[in-house]
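Visitor: return atomic coordinates for the entry below.
(chains A and B)
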Amino acid sequence: MDDLPRLAKDNPSALEVALLEAGVSYRSPVHSRSKTLAALGLASSAVISTATTSGTGGAIAGTSTWFAKIGWVKLLAGASLLGALTPVVYRQLHRQPAVRSTSVQVSTIGPQRTSSPSTPQTPFNVPVEPVASVSREGAATDTLAPKDPSNGRQSLRGEPAVAGLGGELASLDEARSLLAAGNSAGALTKLDAYNRAFPKGRLQLEAEVLRIDAFRRSGQVELARKRADAFLKKNPNSVLASRVRALMGS
Amino acid sequence: METMPSESGDPCLAGTFAVPPLPFLRDTSTLRGEVSASEKSERLRRLVDQHFDFVARVLRNSGTPESEIDDDLQRTFITVSKRLEDIRPGAEKSFLLQTALRVAAHARRTVARRREVPTDEPPEIIEALATPEQLTDQRQARMMLDRILGEMDVDLRTVFILHEFEELNMSEIATVLEIPRGTVASRLRRARFEFRERVLAIESAGRLR
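Guide: This is a model prediction of the structure:
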């Protein structure tokens, strides 16, 4: 049995063309991808996603550990070959007070890809400033600075000077890492800082879930339960509701 | 949260990845776990990169309201992430599609319950909009498409969107939906007929204005 031709190629009327185009060309809201990556615990990738979608209309962010690894290799190779520059970079990093960096930014240059509905997404490179810094737990955490004049430098307050969703994701990523390392108090401090930095942040719900988990792990079970109940009352149908219920064992 | 997409045997099931031993291990079991987690994250990222728009279109065209798209996208990928190790490499898109269709079906049921609309209520009359030549607003086209697709039977709608928007052929649709190819062909013909009938009705009403 032969396959039917697509309606779009089967003498469509003008209205049919418009309707079919509406179906094919649908795009999710701008930050859906970043939110999904954050929900999957891939927040650092979401920073990449945000960085690359913000700058080019129609381009879809691609994240890839393989190209980040290549960038990391390049960074190491560059640092070893240009050993004289390393102390300069180190001094520049530690010029700013307080918060130690827990991210590694890689520098890669390459063509950006424009997306289309039927073509698979491939990794692509975004130029960022190379930074050598302490990585957490012995494993490199790859983040790319969004297209922001501050380029991810630490502010005088010690908070990353990365605007928008990229900054929120990076902040929550740090809190999540502290929590995973058993440092609930540090995670709560980081979450307080997030609330101060982003009072109307788009990831407030994700931050609240992390906070509930941090309270629970630090032994403040009653407080965690109170906040979980408030969260579920306010957001009963949120995709995060099931995670909150799982945290509280209900 | 949605569970397995198929009760009749999952064509996407696969064995676990073989992790090569690393020379400097002190606790090989721990590090093997770390390598697997890293591989999983990488694979998950690739999934999102490659198929995010596809999943969003399927959800939207399957009836997920715009206000619920974010949540349903997350539900779909979270569900798949929990079953990632069971998915055969190369079958991710099929698994995502099946999951997205179930998530969308769940969303439709939830919306229907909220509105307390009986399922056998007669279909709404589509309002006649401007003539096709004047229909340049993408949002209007989207609203009209939502209405037309919303009035289709779910089975017809699913086959229609997979064929017309995602360009799957009938064999591929049959595989994903686990129905005979003949059933796909029958549903597709009916869906296309209904789609064209509705569009014709709109065009006719527009000419009468």
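
Visitor: strands along chain A, start to end?
Guide: Taking DSSP state E, the strands of chain A run over residues A:104-105, A:142-143.

Visitor: how about the nearest residue to B:Leu44, chain neighbours excluded?
Guide: Leaving aside its sequence neighbours, B:Leu44 sits nearest to B:Ser81 (Cβ to Cβ, 6 or more residues apart in numbering or on different chains; 5.5 Å). C-beta coordinates here come from the backbone N, C-alpha and C atoms, glycine included.

Visitor: what's the following helix or strand after the helix or strand containing the one you found?
Guide: Under the criterion of DSSP states H and E, B:Ser81 resides in helix B:69-82. Sequence order places helix B:92-115 as the next helix or strand after helix B:69-82, per DSSP H and E.

Visitor: report the rounded mean pLDDT for that next one.
Guide: When pLDDT is averaged along helix B:92-115, the result is 85.

Visitor: can you pull the buried residues of that helix?
Guide: Within helix B:92-115, the residues that count as buried by 16 or more other Cβ atoms under 10 Å in any protein chain shown are B:92-105, B:107-108.

Visitor: ok, B:Val103 - contacts?
Guide: Residues in contact with B:Val103 (Cβ atoms under 8 Å, 6 or more residues apart in numbering or on different chains) are B:Glu2, B:Leu59, B:Thr64, B:Asp72, B:Arg75, B:Thr76, B:Thr79.

Visitor: just the closest of those to A:Leu4, please.
Guide: Closest approach to A:Leu4 among the contacts of B:Val103 (Cβ to Cβ): B:Leu59, at 24.2 Å.

Visitor: am I right that that closest one is in contact with B:Ala105?
Guide: No. B:Leu59 is not in contact with B:Ala105 according to Cβ atoms under 8 Å; the separation is 10.5 Å.

Visitor: burial count for A:Lys200?
Guide: A:Lys200: 5 surrounding residues under other Cβ atoms under 10 Å in any protein chain shown.

Visitor: same question, B:Glu151
Guide: Neighbour tally, B:Glu151, other Cβ under 10 Å: 15.

Visitor: same question for B:Met144.
Guide: 21.

Visitor: can you narrow the contacts of B:Val103 to ones near chain A?
Guide: B:Asp72, B:Arg75 (Cβ under 8 Å from any Cβ of the partner chain).

Visitor: most neighbours among the contacts of B:Val103, which one is it?
Guide: B:Thr76 (29 neighbours).

Visitor: contacting residues around that one?
Guide: B:Glu2, B:Val55, B:Leu59, B:Leu96, B:Thr99, B:Ala100, B:Val103.

Visitor: report pLDDT for the first one.
Guide: With respect to pLDDT, B:Glu2 scores 41.

Visitor: and the angle for the helix holding B:Ser81 with helix B:92-115?
Guide: Helix B:69-82 and helix B:92-115 are oriented at 130 degrees to each other (axes from the mean of the first three to the mean of the last three Cα atoms, to 10 degrees).

Visitor: average pLDDT for helix B:69-82, rounded please.
Guide: When pLDDT is averaged over helix B:69-82, the result is 93.

Visitor: pull the distance from it to the chain's centre.
Guide: 11 Å (Cα atoms, centre = their mean, to the nearest Å).

Visitor: for stretch B:141-150, what is the distance to the chain centroid?
Guide: Here stretch B:141-150 is found 16 Å from its chain centre; the criterion is Cα atoms, centre = their mean.

Visitor: what residues of that stretch count as buried?
Guide: Buried positions in stretch B:141-150, judged by neighbour count with 16+ other Cβ under 10 Å: B:Ala141, B:Arg142, B:Met144, B:Leu145, B:Asp146, B:Arg147, B:Ile148, B:Leu149.

Visitor: for chain B, longest helix please?
Guide: helix B:28-61 (DSSP state H).

Visitor: that helix - contacts with which helices or strands?
Guide: Packing partners of helix B:28-61 (3 or more Cβ pairs under 8 Å, 6 or more residues apart in numbering or on different chains; DSSP states H and E): helix A:14-24, helix A:32-39, helix A:65-81, helix B:69-82, helix B:92-115, helix B:154-164.

Visitor: how many neighbours does B:Ser67 have?
Guide: The number of residues packed near B:Ser67 is 9, by other Cβ under 10 Å.

Visitor: give me the number of residues near A:Gly219?
Guide: Look at A:Gly219: counted by other Cβ under 10 Å, it has 10 neighbours.

Visitor: how about the contacts made by it?
Guide: Listed by Cβ under 8 Å, 6+ apart, the contact set of A:Gly219 is empty.

Visitor: so what's the most centrally placed residue in chain B closest to, chain neighbours aside?
Guide: In chain B, the centroid-proximal residue (Cα atoms, centre = their mean) is B:Val58; its distance is 3.5 Å. Once flanking residues are discounted, B:Val58 sits nearest to B:Ala100: 4.6 Å by Cβ to Cβ, 6+ apart.

Visitor: again, but for B:Thr183
Guide: Using Cβ to Cβ, 6+ apart and skipping the chain neighbours, the partner closest in space to B:Thr183 is B:Ala174 (7.4 Å).

Visitor: does that neighbour sit in a helix or strand, and which one?
Guide: helix B:170-177.

Visitor: what residues of that helix count as buried?
Guide: So helix B:170-177, judged by 16+ other Cβ under 10 Å, has buried residues B:Met170, B:Glu172, B:Ile173, B:Ala174, B:Val176, B:Leu177.

Visitor: now tell me which helix or strand of chain A has the poorest mean pLDDT.
Guide: For chain A, counting by mean pLDDT, DSSP states H and E, strand A:142-143 ranks last in confidence among helices and strands (a mean of 36).

Visitor: sorry, that was for chain B
Guide: Every helix and strand of chain B was ranked by mean pLDDT, DSSP H and E. The lowest is helix B:28-61, at a mean of 80.

Visitor: quick one: the residue nearest to B:Leu44 and A:Leu40 touch, right?
Guide: Yes. Shown here, B:Ser81 and A:Leu40 form a contact pair, counting by Cβ under 8 Å, at 5.8 Å.

Visitor: need the residues touching each of these two.
Guide: Common neighbours of B:Ser81 and A:Leu40 (Cβ under 8 Å, 6+ apart) are B:Leu44.

Visitor: look up how far B:Val58 lies from the nearest residue to B:Lys93 once chain neighbours are set aside.
Guide: Excluding its sequence neighbours, the residue lying closest to B:Lys93 (Cβ to Cβ, 6+ apart) is B:His51, at 5.7 Å. From B:His51 over to B:Val58 the distance is 10 Å, taken as Cβ to Cβ, to the nearest Å.

Visitor: where does chain A dip in pLDDT?
Guide: Along chain A, the parts satisfying pLDDT under 70 run over A:1-2, A:43-164, A:250.
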